[in-house]
Structures are given as C-alpha cells and as structure tokens.
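> model this:
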Amino acid sequence: MARRPAAGNRLPVSLQSGGPPVRTFRSRRGISVDRSLFPGAAGSHGRRRGSPVFVLYPIRNRATMVKRQTTYTPKPDHISRRWLLVDAADLPLGRLASRLAPLLAGKHKPTYAPHMDGGDFVVVVNAEKVVVTSTNSQNKIYYRHSGYPGGLKEESFESLIERRPEAVIERAVRGMLPKTKLGRRMIRKLKVYTGPDHPHKAQSPEVLDLAIRKVSF
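Have a look, this model is predicted:
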C-alpha cells in the first residue's frame, strides 16, 4: 500500500505557487477555502454557493504540534511536613496571620500545588500577647450567629483576647485560607496556646523567626 503524500504536497493547484490567490484561514481541522472558488470540491453537495468547506487534510506536522500543559500533582511520598514554633509575643495580629497562612498551605515549598495540602505544622505560643495597632482593640468587632432568628452576637477584640486568646489568631489565619474542605484541613495543622509551654515537644518543633518588627507601647 502506497504511503500518503506529505502534508505539504497535498495542496490543490490553486493553493500552490503559481496559482490564483485564494483567501484561506487555518483551523484545528485544516485549511478552509471559499466554495465559490472550488465548485467541484468534495463535500460541497447541498451547501449554498459561497459557504466555506474543508477541502484539505488536517495539518499533522510535528513542528506545529504543541505539548499539552499538565497539572503538577506531588505524590504523597514527596510531601514532607515539618513542625515549626512561633512566638507571638508583641507581634501584630495581621502580619502574623499573613505569615502563618502560607506556611499552612505549603506555598514556601517547591512541591506546592494549589489543590493539595502540603503545608507544615505550626505551633504558636504566647497567644495572649499578640497586639493590634491604633484603636483596633476597641473598634475591631467579631461576629457570630447561633442560626436562630435574632441570634447575631458581637464581641470586641479586648473581650475575646481576655476570654479566649487562641481564637483571635485562629480566626485571623482562617480568613486567609481557602473556604473549602482543603482550607479546613489546613487550619487543623495550626496549634495555638497561651503561655510559653506546648504539648508538642515530642515532635521537636523548629523555632522560626518571622522577621516581623515587634510593637512596643
């Protein structure tokens, strides 16, 4: 069986050098030409005069083929999680949360993939000593709802930091993570405690300096 000629040798006479100029355009299936210029072209039965028809074979040149982009997905064996220790004493709440969220998501790693949880465990101590600047301690309000009509409750920063200091950092970091099941898995790796002690000494967490300027009043 004879081989089919190459793509460059299958052009009609009118499209080869020396023929009359033909208005053409390329598409995924080949080159489309005007039927009015080729009234006897194959596949033109039942079409109106002047409607475009495909008269050439698809372009199969390797040089024109583009490699398909694939999504990088790290294997579970390639994901390594560390334990990090952060001291929140005299650190601004917003800057602290903006540094902790990428650590939980794993954006600081070369194996980062936005659809996978590849972050590290982060232990935060001295949560009661985190600070906010200006008058945010009085103006910052936290809202929650019980789900019943009229169940909207509000609480100031001063009240929440005195009643439950861990919730201040947890809510700030949770707001910077995806609002999906993936984000809920990431926030579980955040361990916040009051005081300098924590129950994760068996994991030997590494002390991490976030290079954030402390606030002094």
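> and the average pLDDT for the longest helix seen in the chain is what?
In the chain, with assignment by DSSP state H, the single longest helix is helix 93-105. Helix 93-105 carries an average pLDDT of 97.
> next secondary structure after it?
strand 121-125 (DSSP states H and E).
> just the mean pLDDT for whichever helix or strand comes after that following strand, thanks.
Next helix or strand after strand 121-125 toward the C-terminus (DSSP H and E): helix 136-139. For helix 136-139, the mean per-residue pLDDT is 90.
> same for the helix or strand following helix 136-139, what does it pack against?
Following helix 136-139 in sequence order, the next helix or strand is strand 141-145 (DSSP H and E). Judged by 3 or more Cβ pairs under 8 Å, 6 or more residues apart in numbering; DSSP states H and E, strand 141-145 is in contact with strand 152-156, helix 157-163. No exception for glycine: its C-beta is placed from N, CA and C like everyone else's.
> name the residues that touch the shortest one?
Going back to what we said before, that points to strand 152-156. Ser137, Gln138, Lys140, Ile141, Tyr142, Tyr143, Arg144, His145, Ser146, Arg163 (Cβ atoms under 8 Å, 6 or more residues apart in numbering).
> what's the ChimeraX syntax to select whichever of these are buried?
Buried members of the contacts of strand 152-156, defined by 16 or more other Cβ atoms under 10 Å, are picked up in ChimeraX with:
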select :140
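> number of residues surrounding Glu158?
12 (other Cβ atoms under 10 Å).
> look up how far Val173 lies from the spatially closest residue to it that is not a sequence neighbour.
Using Cβ to Cβ, 6 or more residues apart in numbering and skipping residues adjacent in sequence, the residue nearest Glu158 is Ser137, 5.3 Å away. Distance, Ser137 to Val173, by Cβ to Cβ, to the nearest Å: 19 Å.
> same thing with Gly183?
10 Å.
> more neighbours, those two?
Using other Cβ under 10 Å, the more surrounded residue of Gly183 and Val173 is Val173, with 24 against 17.
> A helix includes the more buried one, no?
Yes: the assignment for Val173 (DSSP: H, G, I helix; E, B strand; the rest coil) places it in a helix.
> wait, isn't it in contact with Arg95?
No: with contact defined as Cβ atoms under 8 Å, Val173 does not reach Arg95; the gap is 11.9 Å.
> where does pLDDT dip in this structure?
1-67 (pLDDT under 70).
> again, only using 80
1-69, 217 (pLDDT under 80).
> which residues belonging to stretch 186-195 are considered buried?
Met186, Lys189, Leu190, Lys191, Val192, Tyr193, Thr194.
> so which helix or strand takes in the nearest residue to Lys214 once chain neighbours are set aside?
Among residues not flanking Lys214 along the chain, Asp90 sits closest, at 4.0 Å (Cβ to Cβ, 6+ apart). Applying DSSP H and E as the criterion places Asp90 outside every helix and strand.
> coming back round to it: using a markdown table, please lay out the contacts of strand 152-156 together with distance to Thr71.
Output for those, formatted as a markdown table (distance: Cβ to Cβ, whole Å):
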| residue | distance to Thr71 |
| --- | --- |
| Ser137 | 44 |
| Gln138 | 47 |
| Lys140 | 39 |
| Ile141 | 41 |
| Tyr142 | 38 |
| Tyr143 | 37 |
| Arg144 | 37 |
| His145 | 38 |
| Ser146 | 41 |
| Arg163 | 44 |
